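Engineer: Below are the sequence and a predicted model for it; my questions follow.
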Amino acid sequence: MSTRNSSAPAANAAEPAGDVVALRRSVAAGAVGVFVHWFDWAAYAYLAGTVATVFFPAEDSTTGLLAVFGVFAVSFGIRPIGALVFGPLGDRIGRKRTLSLVIFMMSGATLTIGLLPGYDAIGIAAPILLVVLRLIQGFAAGGEFGSAASFLAESAPRRRRGFGVSWLEVGSLLGFLAGSFVFLLLSAGLDEAQLTSWGWRVPFLVAAPLGVIGFVIRNKIEDTPEYRALEANDTVPSSPARELLRSHKRELLQAAGLMAAMHVPFYAVLTYLVTYETDHLGHSADSAALLSTVISLLGLVLVPLFGRLSDRVGRKPVFVGATAALLVLSTPAFLLMRTGLAGTWAAGLLLGAILAAILGTYAVWSAEIFPTRTRQSGLSVAYNVTAALFAGTVPYLMTVLISATGSTLVPGPYLMVFAVGGLVAALSLKETAGCALLRPEDVREDVRAAPAERASA
């Protein structure tokens, strides 16, 4: 089995029609789950005030809102536990089964939230059930990324692997935008009483049929060629988590560095920047929300283009270039925001383009550095531990640091810290674009010319 680590992947040949159809089917199966997850995430975040009114005592709206955000944070905190369950499970029983299981759990919990009676109907049981359902969602979400990224990386033709895996982030951006759009429609079409009475349920109920569609798609797909090669050669690991920690700690740390360099700018640019504009720059909420939407739309275009670029020139040049740009331009971008609305838009779009380059490459590169035997475990643990530590804390830490220092430039140096971490991880890695995903430890000596080495190589 040949593994190519050169920094200049061969130019893409024309893909057979069957490969194109298979890639589209794989993208749909892989991306639908992250779409559902981020749709739910956006809906819950935007409807936080209404959810607080429905599920917590009306006497203290501030306490209720804090409780809703506390439930939101708890769902992040449980994700590493879900990763420790679903990551190794996917390495033992296959990508297809965990993909189907996590979307079933996420969609079922989301539907149940949409049907849940409020505090006025069932009292303290309402917030307790809300917490339980959000915990189920967070637990299942802990298995979504690792399952989907492993599946897409192993299903895509190797010369288009970066492009294929990049559609995971297209799915997340689409889900975020769809959740925001539904909220805007509800806000524009319903008064406060209608929104509190029944309108808030709509996004959660809409997510249910989306989840059913995703479950059907995922249930009909075949497992990946690489995983089927493990089964055929009787090399499916019995304890992938132990194997990961024993033999692949370096790869785990490298993937964590790549992912932390994605998580922090993602939440800083797409979520915290809205608060920053209104609280520290004096811009209207509508203007801030519009910029966030435009940045997301820009990402929808640029992310797959950067994924495709990484197939042509390599993961390393694209990711190193993006994190170097983040290191050099983060603080100047926040200085530019001080010059007015035009400067804020220019800086926001610049940061959005840098983020798109990171989003287009981090997942496929992370997938390629792990052997097939422990790929889903490694991706799940690295992604969700860094998300729990660094992603959900961005708005809180930015607020605390700006308050403590009195400087509104704090987000710039904060982003620089994680850019350095991403650069260190990237520079320690070899180029993997176009490499074979099966490693010597994945197959027996006598069958290393595995059937998963596809003709697209």
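Structural biologist: Okay, I see it.
Engineer: the strands in this protein, which residues?
Structural biologist: In chain order, the chain shows no strands, with DSSP state E as the criterion.
Engineer: In it, what helix or strand scores lowest on average pLDDT?
Structural biologist: For the chain, the helix or strand with the lowest mean confidence is helix 61-77, at a mean of 69 (criterion: mean pLDDT, DSSP states H and E).
Engineer: in stretch 73-80, what counts as buried?
Structural biologist: 75-76, 78-80 (16 or more other C-beta atoms under 10 Å). To be clear about C-beta, it is placed using only N, CA and C from the backbone, and glycine gets the same treatment.
Engineer: Quickly check those for the two that are furthest apart.
Structural biologist: For the buried residues of stretch 73-80, with distances taken as C-beta to C-beta, the pair at the greatest spread is S75 and P80 (11.8 Å).
Engineer: what's the distance between V182 and L190?
Structural biologist: Applying C-beta to C-beta, to the nearest Å, the value for V182 to L190 is 12 Å.
Engineer: Who has more neighbours out of these two?
Structural biologist: More neighbours surround V182 than the other of V182 and L190, with 19 against 16 (other C-beta atoms under 10 Å).
Engineer: which residues touch the residue nearest to the more buried one when sequence neighbours are not counted?
Structural biologist: Among residues not flanking V182 along the chain, P203 sits closest, at 5.0 Å (C-beta to C-beta, 6 or more residues apart in numbering). Shown here is P203, whose contacts under the criterion C-beta atoms under 8 Å, 6 or more residues apart in numbering are 39-40, 43, 47, 114, 179, 182-183, 186.
Engineer: In helices only, show me those residues.
Structural biologist: The members of the contacts of P203 that map onto helices under DSSP state H are 39-40, 43, 114, 179, 182-183, 186.
Engineer: Relative to A433, which of those residues is nearest.
Structural biologist: Closest approach between the ones in helices among the contacts of P203 and A433, by C-beta to C-beta: F39, at 31.1 Å.
Engineer: Tell me, what's the model's pLDDT at L329?
Structural biologist: Model confidence at L329, expressed as pLDDT, equals 98.
Engineer: Based on its surroundings, how many neighbours for it?
Structural biologist: 19.
Engineer: Distance of it relative to L305?
Structural biologist: Counting by C-beta to C-beta, the gap between L329 and L305 amounts to 20 Å.
Engineer: Next: G143.
Structural biologist: 29 Å.
Engineer: Those two: which has the busier surroundings?
Structural biologist: A side-by-side neighbour count of G143 and L305, using other C-beta under 10 Å, places G143 first with 29 against 14.
Engineer: And the pLDDT at A13?
Structural biologist: Looking at A13, its pLDDT is 39.
Engineer: And G421, by the same measure?
Structural biologist: Reading off the per-residue confidence, G421 sits at a pLDDT of 97.
Engineer: which residue packs closest to it, ignoring adjacent ones?
Structural biologist: Distance criterion C-beta to C-beta, 6+ apart; nearest residue to G421, sequence neighbours excluded, is G257 at 5.0 Å.
Engineer: wait, isn't the one you found in contact with V424?
Structural biologist: Yes - with contacts counted by C-beta atoms under 8 Å, G257 reaches V424, the gap being 6.2 Å.
Engineer: Comparing these two, which residue is more hemmed in?
Structural biologist: Looking at G257 and V424 with other C-beta under 10 Å, you find the greater number of neighbours at G257, namely 25 against 14.
Engineer: show me the contacts for the more buried one.
Structural biologist: Counting by C-beta under 8 Å, 6+ apart, G257 makes contact with 421-422, 424-426.
Engineer: Narrow these to those in helices?
Structural biologist: Among those, the members found in helices (DSSP H) are 421-422, 424-426.
Engineer: okay, the ones in helices among the contacts of P203 in CSV with pLDDT next?
Structural biologist: Output for these, formatted as CSV (pLDDT from 0 to 100):
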residue, pLDDT
F39, 90
D40, 86
A43, 83
G114, 93
G179, 87
V182, 89
F183, 85
L186, 89
